[in-house]
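Trainee: what's the 3D shape of this:
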Amino acid sequence: MKDLNHRVDFCVVGGGVSGMCAAIATARHGAKVALVQDRPVLGGNTSSEIRMHICGAHGKNNRETGIVEEIQLENCYRNPLSNYYIWDSVLYEKVRFEPNISLFLNCTCFDIEMNGNRIRAVNAWQLTTETRHRIEADLFSDCSGDSILAPLSGAKFRIGREARKEFDEDIEPPVADKKTMGMSCLIQARETDRPQTFIPPKWANVYDSEDDLPNRDHDVRTTNFWWIELGGEDDSIHDTEKLRDELLKIAFGIWDHIKNRGDHGADNWVLEWIGFLPGKRESRRYVGDHILTQNDVRAEGKFDDLVAYGGWTMDDHNPGGFIYPGQPTTFHLAPSPFGIPYRSLYSFNIENLFCAGRNISASHAAMSATRVMATCATLGQAAGTAAAIAVRDSLTPRGVYQKRIGELKQTLMDDDCYLPWNDREIPELTRKAQLSSSDGDPTVLINGRDRPIGDEDNGVYLSLGGWLLFMFKQSEQIHEMRLIFDSDLNRIIRMRSNYPLDMERRVVPETLVKSFRIEAKNGNGTWSTVYTETNNYLRLARAPLNVKTNAIRFVPEATWGAGKAHLFACDVR
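Mentor: Numbering: from 1, shown residues only. Just a heads-up that it's a prediction; the model follows:
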């Protein structure tokens, strides 16, 4: 056994999508980061250990962008058959090979050191190396889902459902309680070309008839078995092991029912995988400077400090879970999108503690909409970007709200995060240019809206081989061209729940620009290529340049299938 000490600017506890995005965002803006994850893989509920696909905002063109879109497009490129172990590797490499991040896998935070109302260090035990890691930092973020840093630090938190009258939330019970949404052990199946048998374990539950599974869709072609759920009426943290045992009995019993008890059209299907790690929906929630409520959600959350958004319905699972015979969840209407304020992303009483993910400062009702992973990813990126600003300027999380909230919002939008009802500021050099193109008026590209919104496309279509031209009155030094391409924000291909023989392959969206070049005008009037890309598959591209010229142009050469290139932004700086 050994002890190691580490010093970083920002320590993130929890390696789900919110913790990953928090760590990556901070590191990319120059701060030193430690990411502590208690599992051997990253991704939390979307990892190979749990296998929930990433959900987010409903509605046309409301897909979340930024780091979460970058990760999912990488997966489209590398993982056509939706293999969860390749998905694990995509998540792993995004963190492990990001400069400025120290990754601690298989590492459980068990203790912290305090200095007044500030966290000084976390202590974490790494099982695989028999090493205790002490990680000291200026700032911390709890992205652990269960909010492990809250009871250790004394941070204020809530658990369970508020009374209806506390926030005037009509979907809440008359009396507050400790009930939560439950946790699930998912199962996956694969179709083969011949009949397959299944012998259940002797300890599996038995469900003889359809009456034993009321209101539970168990067609392997249409469900990921999310409703195999327990724990809402128990302690969603301390009863996890007991609940896992019961969930496994249910899961194997469900598959026995599908295969051996009635005709479910599953003769050729085989059980591919069963989750032994429950995926949680709810436990502790921090109390921040603002508690997001049902009424905030329904009013669209048009906060001045809006730094992320949701768009999932208020999807409130019955605490009884599987043992409740009625509909397993109630979908309470919510607008899409609705804004989420920065003040919900840090602790009210612990001075240097952020939170991001399903544990943000929200009521139970609001959390039922903000808990889905695409939303959590944007919350993580917002918290991580704020942490980078706080590190740079020696601020607390609250200090960023008081002094730098405008900069935080603009930085997020520059990093391709969509903030509804907000426009991105256009760089000065871009505004100085005269903009023209081979295919009409391109000035919409500098309106600060980098996606279709309502009936406005906010983009331009360029013929392949066409051009977008920036002209200046005099020569200007250009360091970068920033481009936003069309990644088809309405695509619906996700990681698979089950695997039929005619499974649709995951592909790079055909709307994305695959290859392009950037040309600068020489003093003699000729053009030279100053940047070339031949295999782009991302939505946000930043082309590093070091050129002084009075004219520069972008030339798309190929897409992944579309007839024209579709751009939403093109900036020079």
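Trainee: Just the pLDDT for Gly440.
Mentor: Looking at Gly440, its pLDDT is 86.
Trainee: Touching, Thr443 and Leu435? I think so.
Mentor: Yes - counting by Cβ atoms under 8 Å, Thr443 touches Leu435, with 5.9 Å between them. (Each C-beta comes from the backbone N, C-alpha and C, glycine too.)
Trainee: Give me the common contacts of the two.
Mentor: Contact criterion Cβ atoms under 8 Å, 6 or more residues apart in numbering; residues shared by Thr443 and Leu435: none found.
Trainee: Those two - which one has more neighbours?
Mentor: Leu435 (18 against 11; other Cβ atoms under 10 Å).
Trainee: right, and the helix or strand after the strand or helix carrying that one?
Mentor: Take DSSP states H and E as the rule and Leu435 turns out to sit in strand 434-437. As assigned by DSSP H and E, the chain's next helix or strand after strand 434-437 is strand 460-463.
Trainee: List the buried residues of that next one.
Mentor: Residues of strand 460-463 classed as buried: Val460, Tyr461, Leu462 (neighbour count, 16 or more other Cβ atoms under 10 Å).
Trainee: Tell me how far the last one lies from Ser48.
Mentor: When Cβ to Cβ, to the nearest Å is the yardstick, Leu462 and Ser48 sit 40 Å from each other.
Trainee: Point out where the stretch 1-150 of the chain drops to low pLDDT.
Mentor: Nowhere does the stretch 1-150 of the chain drop to pLDDT under 70.
Trainee: Please, where are all the helices along it?
Mentor: Counting by DSSP state H, counting those that start in this stretch, the stretch 1-150 of the chain has helices at residues 17-28, 67-78, 84-96, 149-153.
Trainee: Any chance of the backbone angles for the residue most central in space within the chain?
Mentor: The chain has Ala377 as the residue nearest its centroid, 2.5 Å off, counting by Cα atoms, centre = their mean. Per-residue torsions, Ala377: phi -60, psi -40 (degrees, to the nearest 10).
Trainee: quick one: it from Leu243, how far?
Mentor: For Ala377 relative to Leu243 (Cβ to Cβ), the value is 26 Å.
Trainee: same for the longest strand seen in the chain, what does it pack against?
Mentor: Longest strand in the chain, counting residues (DSSP state E): strand 540-559. Other helices and strands packing on strand 540-559, by 3 or more Cβ pairs under 8 Å, 6 or more residues apart in numbering; DSSP states H and E, are strand 468-485, strand 513-521, strand 527-533, strand 564-572.
Trainee: Return the most buried member of the ones you listed.
Mentor: strand 564-572 (a mean of 23; mean count of other Cβ atoms under 10 Å).
Trainee: and the buried residues of strand 460-463 as a markdown table, adding pLDDT?
Mentor: Formatted as a markdown table, the buried residues of strand 460-463 follow (pLDDT from 0 to 100):
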| residue | pLDDT |
| --- | --- |
| Val460 | 97 |
| Tyr461 | 98 |
| Leu462 | 98 |
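Trainee: Looking at the helices of the stretch 1-150 of the chain, which is nearest to Lys473?
Mentor: Relative to Lys473, the nearest member of those by Cβ to Cβ is helix 17-28, separated by 33.8 Å.
Trainee: which other helices and strands contact the closest one?
Mentor: With contacts taken as 3+ Cβ pairs under 8 Å, 6+ apart, helix 17-28 sits against strand 2-13, strand 33-36, helix 67-78, helix 84-96, strand 101-104, helix 373-393.
Trainee: just checking, what packs against the first one?
Mentor: Secondary-structure packing of strand 2-13 (3+ Cβ pairs under 8 Å, 6+ apart): helix 17-28, strand 33-36, strand 131-142, helix 373-393.
Trainee: okay, the ones you listed, which one's buried deepest?
Mentor: helix 17-28 comes out most buried of the helices and strands packed on strand 2-13 by mean count of other Cβ under 10 Å, with a mean of 30.
Trainee: Now do that one and helix 67-78, the angle between them.
Mentor: Orientation check (axes from the mean of the first three to the mean of the last three Cα atoms, to 10 degrees): helix 17-28 against helix 67-78 gives 100 degrees.
Trainee: quick one on the thing from earlier: ok, the residue nearest to the centre of the chain - contacts?
Mentor: Here Ala377 is in contact with Val17, Ser18, Met20, Cys21, Ile54, Glu64, Gly66, Ile67, Val68 (Cβ under 8 Å, 6+ apart).
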